[in-house]
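Asks: Using only what follows, build the 3D model:
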Amino acid sequence: YGVSSTGNQADHAIAQLAQIHEKELPQGAKVLRDFRYVDDGAPSAHTEAQRDEMLSQTEKILEQGGFKVKYVIRSHQDPPEGASSDGINVKILGYGWQPKKDLILSGFMNLNFNPKQRGAKKPQKKPLFSLKEIEDFLLESSITRRDVIGRVAEFFDPMGFWEPFK
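Replies: I've put the predicted structure just below:
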């Protein structure tokens, strides 16, 4: 098993911490129990005071288990330095998010039909972002139904936002 903890052990420990502290820190326990996916949390609140109390309780519970919150990103504010590569976009639950605008984007940023080689895909010769670029590429290429289904299957959508379009 090795010396370091696995993700499943950490997940179980966080669930146990939420259960242990349910009575004294109920909002934090609810965040850890209901609004967390692996290491991302996405709770919401009606007021800033509620949000700050929820965050405070969540951090207190995590500290009891030796966990530390890396970043807290709030809607309508720029992401903290280090949480974003461009100062605008962050990734959460597989989606892109622009916290300043509070805008959720698909995590599907570039359509790449190249096969994997040594675990990674070669970049497209020309990135495909717009519908017109994708149409032109498909007309020039011999893409199979299997290729298209494979790209759709790569699309990580844990909340099901994009299911109607699949």
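Asks: ok, Pro26 to Leu138 distance?
Replies: As judged by C-beta to C-beta, to the nearest Å, Pro26 and Leu138 stand 52 Å apart. C-beta: built from backbone N, CA, C; applies to glycine.
Asks: next structured bit after the longest helix anywhere in the chain?
Replies: The helix that spans the most residues within the chain, counting by DSSP state H, is helix 48-64. Following the chain from helix 48-64 toward its C-terminal end, the next helix or strand by DSSP states H and E is strand 90-92.
Asks: The following helix or strand past that next one - contacts with which helices or strands?
Replies: On the C-terminal side of strand 90-92, the closest following helix or strand by DSSP H and E is strand 95-98. Using 3 or more C-beta pairs under 8 Å, 6 or more residues apart in numbering; DSSP states H and E as the contact test, the elements touching strand 95-98 are strand 90-92, strand 103-105.
Asks: quick revisit: state the mean pLDDT of the longest helix of the chain.
Replies: If you average the pLDDT over helix 48-64, you get 95.
Asks: ok, now stretch 85-105?
Replies: So the average pLDDT for stretch 85-105 ends up being 87.
Asks: cool, and stretch 16-30?
Replies: On average, stretch 16-30 scores 96.
Asks: now stretch 119-136
Replies: Per-residue scores along stretch 119-136 average to 77.
Asks: got the CA coordinates for it in CSV?
Replies: Presented in CSV, the C-alpha positions along stretch 119-136 are these (Å, rounded to 0.1, in the frame of the first residue of the first chain):
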residue,chain,number,x,y,z
GLY,A,119,-0.6,8.8,-22.8
ALA,A,120,-1.0,12.2,-24.5
LYS,A,121,-2.4,13.6,-27.7
LYS,A,122,-0.4,15.6,-30.1
PRO,A,123,-1.8,19.1,-30.5
GLN,A,124,-3.9,19.8,-33.5
LYS,A,125,-2.0,21.5,-36.3
LYS,A,126,-4.6,24.3,-36.1
PRO,A,127,-6.7,24.5,-32.9
LEU,A,128,-10.5,24.0,-33.4
PHE,A,129,-12.6,26.4,-31.4
SER,A,130,-15.4,27.7,-33.6
LEU,A,131,-18.2,25.8,-35.2
LYS,A,132,-16.9,26.9,-38.7
GLU,A,133,-13.4,25.6,-37.9
ILE,A,134,-14.8,22.3,-36.8
GLU,A,135,-17.0,22.0,-39.9
ASP,A,136,-14.0,22.7,-42.2
